[in-house]
Every structure is written in structure tokens, then in C-alpha cells.
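Q: sequence and predicted model, in that order:
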Amino acid sequence: MNRSLRPLLATTAIFLLAYLLAVLQFPGMVSTRVLGNFLTDNAFLGIAAVGMTFVILSGGIDLSVGAVIGFTTVLIAVLVMWLGLHPLAAFAVALIVAAGFGAAMGAAIHYLRVPSFIVTLAGMFLARGAASVLSPDSIGIKHDFYTAVSRSYILLPGGGRLTVIGLVMLAVFLFGIVLAHRTRFGSAVYALGGSETSAALMGVPVARTTILIYTLSSTLAGLAGVVFSLYTSAGYSLSALGVELDAIAAVVIGGTLLTGGYGFVAGTFIGVMLQGLVQTYIVFDGTLSSWWTKIVIGALLFMFILLQRLIFTAAPRRKAAPGQRKTLWTA
Amino acid sequence: MTRPTAELRPSSSPPAAPARPVLAFLARPQFLALGVVLLVNWLLFPGFFDITWKDGRLFGSLIDVLNRGAPVAILAIGMTAVIATKGVDLSVGAVMAIAGATAAVMVTSGQPAILAVAVALGVGLLCGLWNGLLVTALEIQPIIATLVLMVAGRGLAQLITEGTIVTFTDPLLIFIGTGSALGLPTPVLLALGLMVLTTLIVRRSALGLLIEAVGVNRSAARFAGISAGVLLVLVYTFAGFCAALSGLIVAGDIRGADANNAGLWLELDAILAVVIGGTSLMGGRFSIPMSVVGAMIIQAMNTGILISGFSPEFNLVVKSGVIILILVLQSPMSASLFQRRIRAVKSEGGQP
Amino acid sequence: MQPLEPGRAVLEAQGIVKTFGQHKALDAVDFDLRAGEVHALLGENGAGKSTLIKILTGAYQPDGGVLRLEGAPVTFRGPLQAQDRGIGTVYQEVNLLPNRSVAENLFLGRQPTRFGLIRRKEIEAQAAQVLAAYGLDIDVRAELSDYSVAVQQIVAIARAVELSGKVLVLDEPTASLDRNEVERLFDVVRGLKARGLGIIFITHFLDQVFELADRVTILRNGRKIATQDLAGLSTTDVVRMMLGKDVAFDHHPSGLGESVRGAPRVTFTGLGRKGGVAPFSLSMHEGEVVGVAGLLGSGRTEMARLMFGIDTADGGTVVVDGAPATIRNPAQAVAAGFGFCPEDRKIDGIFGDLSVRENIIIALQAKLGWFKALNRDEQIELAGRYAEALDIRAADHDMPVKLLSGGNQQKVILGRWLAIDPTFLILDEPTRGIDVGAHAEIVRTINRLREEGMALFVISSELDEVVAYSNRVVVMRDREMVAELTGENVAPDAIVQAIAGTLPAATPIAKETQP
């Protein structure tokens, strides 16, 4: 059987089992209302996690996504509330800025031959800093468009609401799945994660692909920021703190190998939903405290890293060719 | 094979040592950078270098820089050893929170403070040991191995504090955070003491050399009979200990354990301090005192930004600028770009 | 792919020169490949074959000389361009993507798309069709790493031929294949030969050369020794050309072989490792050099790695100075007084960023442990002593060792082991890739150490060198110790015959090596 499917199957099984146990304990969790909230509450995380999936598939990591989300919310708030731009125009500006930011990070990673974690760390500082330079305080957004968006949803049978931002996340996942598995870019991403040397010898445009990967990740983080802005109707430089860690956890729990090359965008969706399930369970339980989320996610992360080691060490590992970057990862 | 060779017959007299080692040490770019930052601070705030003696201790902005920089300096001491082995520890910020929470909860539940401190440091050692075992026994890449504790650690800290900010009035913990001895704030003394002690230990024993050997070439280290595994566990455990000590200081400073915010992002500051101090992320040569200087540069910038009236978050922009500058300067490309330009000038219109 | 006219030169190289620093890797080498032939390229490590291949496939640019492709001069800016022009390469470590499907590996970079979407069905159909021509009927949707190395090699060949189609370079393609898989691969290669491709075949298995190749070019120390039809050659001729005489040494000192043996210092009994080297027994005596001869890949390095605990033996015992010893890792080996100068200096030997002094004292320091640190004065004294004894030429001992030449780096590693005052020293190709002067000095040092009573185990590809210092020579072939030569037989001719497998039955493998 395809080796890379195993972690995904494990995740799916764990999710279904966990959901079943939760439903047995709290039958209320089976409603479409809960499911609708699931999607809405985790929309920004899911969108950012799709970008992170591509980055991790290629063998990199992006620590800047939370900061880019925060920056985007502030930028949108400033553009809408202070400069009077229409939210849609503000969204476009924000996405373009985010894309440029990601392209710059990708270029730095490729051309300066620096490990991605250090470049995106600088990116994180820069984005958070820039956001607070724009406005250190939270800016509330009041605009008809925001009200309209928050009022539009698809009513699901059972009273659940599929909101606009929930739909955006689903669309992004679909887009991500097609991009990963049906395009040359997607092939190139997997190729980089498999072996950069081989990929280069086989004609994969390494520089262009690397830059595009980080552009994609930042753009999706920007889109997550748009969604977060719609979700909270505010712009705050410290919003979405630590989302990069949640996104990384979602990707890994979703079965993507942290060292790259193996994984599925769809798995990330389950990873995000599993995190949502943990949170919802804690809300339903009432006696458990919120910090259990982090502990459970950490435990799941550890479990999956361990699982990956067991599955993938049995496979013939290729020697890293000299001159490959990311040497920091293979101490 | 393409390396340039530098072979000379050994001269009859051994090569003269640098005439003034202290001067050569101080001429490093890090000290220059620190000097420039301090000078800018002085220009912004003429009283910057004033130091006064009051109530048996020193006061002044400079002392403040030392004091505020101490937690990151202590983290950087542990991080230096980890990075020298070609690793990295992302969990130190979370470990700080765990250690602070442990001590705070213990003293508020009536345990003796000295025991609380010992247990908190012990918990730090355990966290480090966990990381070290993941890196060696399970051979997980350091960044990934330590990510687990980075994600779960804050949850654990909150579990210990049960989600509240646990405040305390224990004199020993407060002394660690805000007290003073010998005229200096306790954190400064702790950082200085740890720096001197660690430097002495690694340089007087063979540990420093062996750590560098493992970082420079793990395979050659194995062939030379060095047991890298034990050494790696040791450095991660030590990093955990440093994180716990730093966590105690931060908790003592605010007289409470804040599981959410204690040590937040400080792992990144610590990595930055080490890199500024000149230890390569690729492992090898390291200098603990220089990492401490790196931490002081970061803090001096923080202080400068604060006194010049910018929002503290502006720091982040400056920090990112510093990282980018260092990356560009250290990258192989800037060297080759420079050479290529020279070559291009030499062979005008030549084929690429 | 248009059929090529057989016999016509498809790729030629004339007077190729390549230097790295001061080291001349290739010195005016000529090479020509005809359409429809399999041309074997032979030489020991450091002979220059990988440099030549990298020039032919565009990975390196030559410093001098001309490349001609179908008669027209060409320069390749990189492997991709060479590939586009018709030169495909398949490496020993399959340079494909183990994490992707077979079909994708065949079509990566040129997948047909519609509206930007890859037409996967079409790719899969085409891939199955392409592979059928190579006798492979496999599920092309499965991950490449699900298949054996042999299948992966054939997929790599298929990709190279589909993309390039004039020249196929096979760089050690059979190194990790079993006999049946080799046959299968050879069938594919013969098929391609019949289709008119020019095929360069690099291997260290001589029998395979004779089985598959039409002509052979032999390189040694960066020079071409010969290009000949294989029809008129014997294995012995080929081995002799590969290992021939480059540096003049003193002849085998008379009586060396018969000299009175000292006490056994290290005895290995039944040491072996599955997939590494077949169990062997060997005893090294005081003041004795045991030379190891055998071609690359014959298991000689594996033997040394087992002795030093780098690879863990499946079974067998070790006795050091009469007492049983456990050696399961290098640290234990060092503790037992073993030293090992590895073949690959850069990867396994030197600590590039550390100083000459630190590189010399590091093994002794590892042996002493964390807390018995050598102080600076002791370090300086030790480094000074061994630098002088071995004539290590460095401006000062605080400079990074990476700035020294290869020969001096080798002496630093040798000094590192002498500093622990070893009972037993293993040297794996101690003279490879270093200049002639340093070469002679290292040989002198080996002789001196023997005279001082050390037991040494020296692996070398240079026969005259082995003969110059060995009391005994063990010969490795196909990961097995096949002969142990003593006395009169420690001579180049006997060694060549033993390697080639034509040794007279009069000198059987000495199974009994214990005293």
C-alpha cells in the first residue's frame, strides 16, 4: 500500500473515533449547527494550514503565517476605517502585499541559502512589527459590507449555518487539493520535498518553485487574515498569535511528513478538524480547561512525528547530497 | 579539493600571538555594534550612562539594560551549546513558563521556596532531557523535536497554574527576580555567574572542544571515538536548565507566573542573540560570552526604542532588520556576488 | 528517436584538462564513444573517471580540451542542457524521486496538461507503454520507492533515453543489484545498444565489463592509460593497467615476509556482517603490516569498518593483547587502542573549522573523556611533536585544518591516531588524492611504525605501494576474503592474479590465520 497514505488513514481513524466518542458522551455534537461552527471557527486556521502544507511538503517551514494574519487584519482595518477604502479593495491590497512579502521570503531562502525557519522568523518579526507600527491598538471595523457578509450563510438542514468564511475555507482546500495533485507546480513541490538535487537534475525550476511556494503560503495567510478580519470585525496587531504552530500541527497531524515529500492537502483538513473537535469537546465538557487543547495537540503532534519515523525509517532513505540546503534540519 | 592551500614551512620561531588579546577581543564587530547602539541611546537620552548608588545597589539605564537583558542572556547561554552541535531548541520559551508556573504554584501551596526553586530547575532539566532524547534516541531533527514541547509546553504551564496568573509574595522568588546583591540586580548576577561558570566548565574541560567537533562534523566525530549521543543529551538538558532559571527570573520579576506570556517568543530572541554573537547556525565554533553580548545588543536596542518613544513592537521591525542584515552578510551568495562583480569588471563583455 | 548509424563517433572528448586548486584531476584525456557500443570506463577512486563523466554530462566545465557531439564542438552549461542535447545519465544512487509515482518520475517537467491541469490518465498510459518497451509491466501509479532498485534503475534509464536518446551514461548502475537483476538490466542495455545508442558504462565489477562492454578506457591518476577492444584483453591485463606503477618505491624488502613475527596484538575471529563482508578471521602481530588489496567495492573498506566498530558485526570475536574485547562502536575501538584513518578524509576525517592542533589531539581527548582535558600547553606540545614527526606543513597550528592541502590533512589525521599511541592502526587508502611527496612520506611513515612495533592494517589500490610495506597481503573479492599472500607471493603479479581470480590453486585462501 502507498506508504504516505498510512498517516492519513491513521488521522482519519483517530478523528472518526474521537468524534464518535464525543458524540456518545454529548449527543448534541452531531448537529449541523456544531459542524457549521466547526468550519466557521477554524476557517482562518484551515486557510493558513493549506499554505503551510505546501511549504512543509517542499521540505521547508513558515513561521510567519500568524504574523501575516495579524498584519493583514490591521492593514485592512486601516485601509477601511482610516482611508475609507471599500473592504473588497482593501482585501485586494492586503493580498497583494502578503504575496509580495512571501515572494521576498522565498527569494531570500533560495538565493541566500538560509534555512527557511530563520528567514520566516525574520518575516514574523517584520510582519508583527509592521502591524503594530501601523496601529498598536485594536481597530474595530464597522462597514455595511462586513455586516452583510456576517449575515449571509447557507442554512443547512438541522439549523446549521454554513457561513461565507466557512465556504471560503472549503474553496481554498479544494483549490489546494487540485494545485497539489493536478498541476506541474504541485509536482514540483513534491519533487523538492523528495530530493532537491534530483528535482534540479530532472528539470524542476527550483528557484521559481521555492519563491512560488512561499508566495502561496503568505497569500493564503493574507486570505486567512481577511477571513479573520471578517470573523472578528477588527484589526489587531497581536491577533492570531501562535497560529503558525497550530497550522504546523494541523499539517503534521494530517499526515504530511515534516521533512517534506509526502502528504496530502486533504489530510490537513482533517488535522484542522481534529483540532476543532478537541476545542469543541472542551467547550461541551465545561469542566475541562482550554489549555488541554494545547496539551492534546502537542501529544498528537508527538504521536504523529513518532508514527512518521516508524513508517518512513523502514523505507530506503536517500543520502543527502552535499551542497543541499536545509542542512540545519539534518543534524 | 578546491580549497585554497596555505602551506608554509614552519618558521624557526613560533608565530607571534596577537599582541594584545584583550584589544583584539574588544575589536570584534559585536562590541562595535553594542557601542553604536549604546551611543545612539545616549544621544536620545543624555542621562543614559548615568549610574547612581542608592539603597545599596546601582541604578541607571545601563544597569537596566543588563537587568532586562539577563533572561535572554541566560537562555542564549544554553542555546549556544545547542546551536554549536548544529541543533536548535524552540521550546525554551515554553519551558520558562513551565518552570515559573511550577515554582509559583509550589510556594503558594505552602512549600518552602528553596524546594520550589529546586523543583522548577529540575523540571527544566527534565524538559531538556526529553528534547535531548527525542534528538538522539529517536533521531528526530532538533527543530521538529523541540517543536513538540513548544506547542504543548504552554498548555502544561497553564495546567499547572490552572489558567490563572499565580501571584506570590515569597521573598526568595522575588529576590531572584528583582533583588540585588553586591550592588547588582540578582538577574544580572545570575546571568554573569552562569556565563562565567559555563565558560569555565566548557573551556577547562574537554566539553567545549568535543561539542564543537560534533557540530563541525558529526561523522568525523564518530570516527574519532566521540560519543555524540551523550553530549547531545547533555546540551539539550543544559538548555532546559537555563530556560528554567530564566523562567524563575521572569516570574520573580512580575511576582507571578503567567503561563500565557512568560517567555513568549524569547526562544527566538535567544537564537538571535546566539547568531549575533557569531555562533553559526550550522554548528561548530561557539562563544558563550559573545552570545551574552548578543543578548545585550538586543536589549540595548529594546531600551533605545522604548526611551525614544516608539511602541515596543517597533522592536520587532528592528530585529527583523538585524536578522536580514546578518543573513545577507553571512550568505555564500553575497561573497560570490562580490567576486562575480569583480570578475565581471575584469573581463568586460566576456562570456558568462 | 531516430536510429543512429552504428560505429560512428557520437561523443568525443579531446585533451580534456580539469584542475581543482593545485590538483590536476584530468590531464589531457581523450575519449570517444561510438553509436551502438557499450564503452566501459575503468579506474580506481581518484583516477578521474567521475570528473570525466561530470564533464561529459555537463556538470563540470573542462579547463581545457574540446567536446564534440556528433562531430560538432559543444559546451554544456549544465546537466540539463547536456540532457536536452542527447546525453542522459543514470547514477548509482538513483537520481529520481522515491516519493513520487513511476509515471510522474518518467514525465516530471514535461507533463502534458489541459487548462493547466495535468492529464494524469494520459501520462499513466504513456508511461506504461514506454516501460513495456523495457520489459517492465508494473503499476506506474505506485510510488517509485515501492519497487526494487533494479526497477528504479530501469525507470531511470527509460527516462534518460526518452529525454536524450543519443548517449546513455550508466554510473555504477549495478552496485546494489543481485545477479538476476544485473542480468535484467544488461538485457535492457543490450537492447538500447542495438537501437544505436552510445553507452558509457562505469563499474567496478570486472566480470560485468567483460560481459557487457565492447571497448574499455582505463584512467589512472587523471591520465588515460589505454582505450582498447575488450576482445583481446584478459582480466589480469585490465587489473594491471588499473593498478599499475606510478610512484617508484623500494622493492619489497627481502626477508620482510619471513621476519620473525612478534606477539599477536589483535585477533579477529569470524567477524562478518550480512550485506557487508563475509565472515573473516585475521590476526595482526606486533611489528606487522597487513596490506589489503582488492578492487573498489570488493569489501575492503567494509572489513575495516567492522574492525573499528563503525558497522556492528553480526558475530565474531575480537582479542586485543590476549584479552577479549567488545567493539560495537568507534568509541570502544578507540578505548581498545585502535586508530582508523578513513578513506573519505573530508566527510569522515577532518574537522574543517577546527584548528590543526585540535584535529591532532581530538582522538586522544575523546579517549581521555570529558574532564581530563588536555591543557593548552599539552595540546601545543602534542601537535608540535606529531607535526614535526610527520612533517605537517602548516603556517601555524591554530589555523583551520581545511586550509591545508590533502596530503597535510591526511598527515594530521595520521598524527591524531599516533597521539593515542595505538596498538592497532587501520589506514584506508592513506595515499589517495595527495601529491607525490606526501605520498612517499606516508609510505615511509608506515614502514617506520612497523619497525617501532605497531600492528597496521593498510588498504590501498596501489599495488607497488602495498608490496613496499606489507608483510602479508589479504585479497578481497566480492565482499569476501579470498586469499592471504605471504613471503614470495607478496608481489604485484601474484596480487593481480588473486584479484582477477586466476590465482593458481597452489595458494589457497589461508583460513587459518590464528597462530
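A: Great, that's in hand. Note that this is a predicted model, so its numbers are computed, not measured. Numbers count the residues shown, from 1 in each chain, chains lettered A, B, ... in the order given.

Q: find the nearest non-adjacent residue to the closest residue to chain C within the stretch 201-350 of chain B, please.
A: In the stretch 201-350 of chain B, the residue that lies nearest chain C is B:G225 (3.1 Å; CB to the nearest CB). C-beta: built from backbone N, CA, C; applies to glycine. Ranked by CB to CB, 6 or more residues apart in numbering or on different chains and with sequence neighbours excluded, the top spatial neighbour of B:G225 is C:V334, at 3.1 Å.

Q: that neighbour reaches C:Q365, doesn't it?
A: No - with the criterion set as CB atoms under 8 Å, C:V334 and C:Q365 do not qualify as a contacting pair; they are 10.5 Å apart.

Q: under the pLDDT cut-off, which ranges of chain B? List them.
A: When residues are selected by pLDDT under 70, those of chain B lie in B:1-27, B:330-352.

Q: for chain A, what spans make up the strands?
A: The residue ranges that make up the strands of chain A, judged by DSSP state E, are A:139-140, A:153-155, A:161-163, A:234-235.

Q: can you count the residues close to the residue nearest to B:G225?
A: Burial of C:V334 is recorded as 25 neighbouring residues (other CB atoms under 10 Å in any protein chain shown).

Q: what's the helix or strand for it?
A: Using DSSP states H and E, C:V334 maps to helix C:330-335.

Q: what's the spacing between that helix and its chain's center?
A: A distance of 25 Å separates the C-alpha centroid of helix C:330-335 from that of its chain, computed with CA atoms, centre = their mean, to the nearest Å.

Q: and the next helix or strand after that helix, what other elements does it pack with?
A: The helix or strand immediately downstream of helix C:330-335 is strand C:338-341, counting by DSSP H and E. Contact partners of strand C:338-341 among helices and strands, from 3 or more CB pairs under 8 Å, 6 or more residues apart in numbering or on different chains; DSSP states H and E: helix C:406-418, strand C:424-428.

Q: just want the angle from the shortest one to helix C:406-418.
A: It refers to strand C:424-428. 160 degrees (axes from the mean of the first three to the mean of the last three CA atoms, to 10 degrees).

Q: does strand C:424-428 reach chain B?
A: No - residues of strand C:424-428 are not located near chain B by CB under 8 Å from any CB of the partner chain, the shortest gap being 10.4 Å.

Q: contacts for that strand next, please.
A: The set of residues external to strand C:424-428 that reach it, using CB atoms under 8 Å, 6 or more residues apart in numbering or on different chains, is C:265-266, C:284, C:300-301, C:304, C:307-308, C:320, C:337-343, C:414, C:417, C:446, C:449, C:454-459.

Q: ChimeraX command for the buried members of these?
A: Taking 16 or more other CB atoms under 10 Å in any protein chain shown as the burial criterion, the selection of buried members of the contacts of strand C:424-428 in ChimeraX is written as:
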select /C:265,266,284,300,301,304,307,308,320,337,338,339,340,341,342,343,414,417,446,449,454,455,456,457,458,459
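
Q: just to revisit the earlier point, SS state for the residue of the stretch 201-350 of chain B closest to chain C?
A: coil (DSSP: H, G, I helix; E, B strand; the rest coil).

Q: that one against C:A366, yeah?
A: Yes - look at B:G225 against C:A366 with CB under 8 Å: they come within range, at 4.3 Å.

Q: need the overlap of contacts for these two.
A: Here B:G225 and C:A366 share the contacting residues C:A331, C:V334, scored by CB under 8 Å, 6+ apart.

Q: list the contacts for B:G240?
A: Counting by CB under 8 Å, 6+ apart, B:G240 makes contact with B:G78, B:V92, B:V95, B:G124, B:L125, B:L126, B:C127, B:G128, B:L129, B:W130, B:N131.

Q: okay, those in a markdown table with secondary structure, distance to A:F312 and neighbour count next?
A: Output for the contacts of B:G240, formatted as a markdown table (DSSP: H, G, I helix; E, B strand; the rest coil; distance: CB to CB, whole Å; neighbours: other CB atoms under 10 Å in any protein chain shown):
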| residue | secondary structure | distance to A:F312 | neighbour count |
| --- | --- | --- | --- |
| B:G78 | helix | 30 | 32 |
| B:V92 | helix | 28 | 37 |
| B:V95 | helix | 28 | 37 |
| B:G124 | helix | 32 | 29 |
| B:L125 | helix | 31 | 20 |
| B:L126 | helix | 28 | 16 |
| B:C127 | helix | 26 | 29 |
| B:G128 | helix | 26 | 30 |
| B:L129 | helix | 25 | 16 |
| B:W130 | helix | 22 | 20 |
| B:N131 | helix | 21 | 31 |
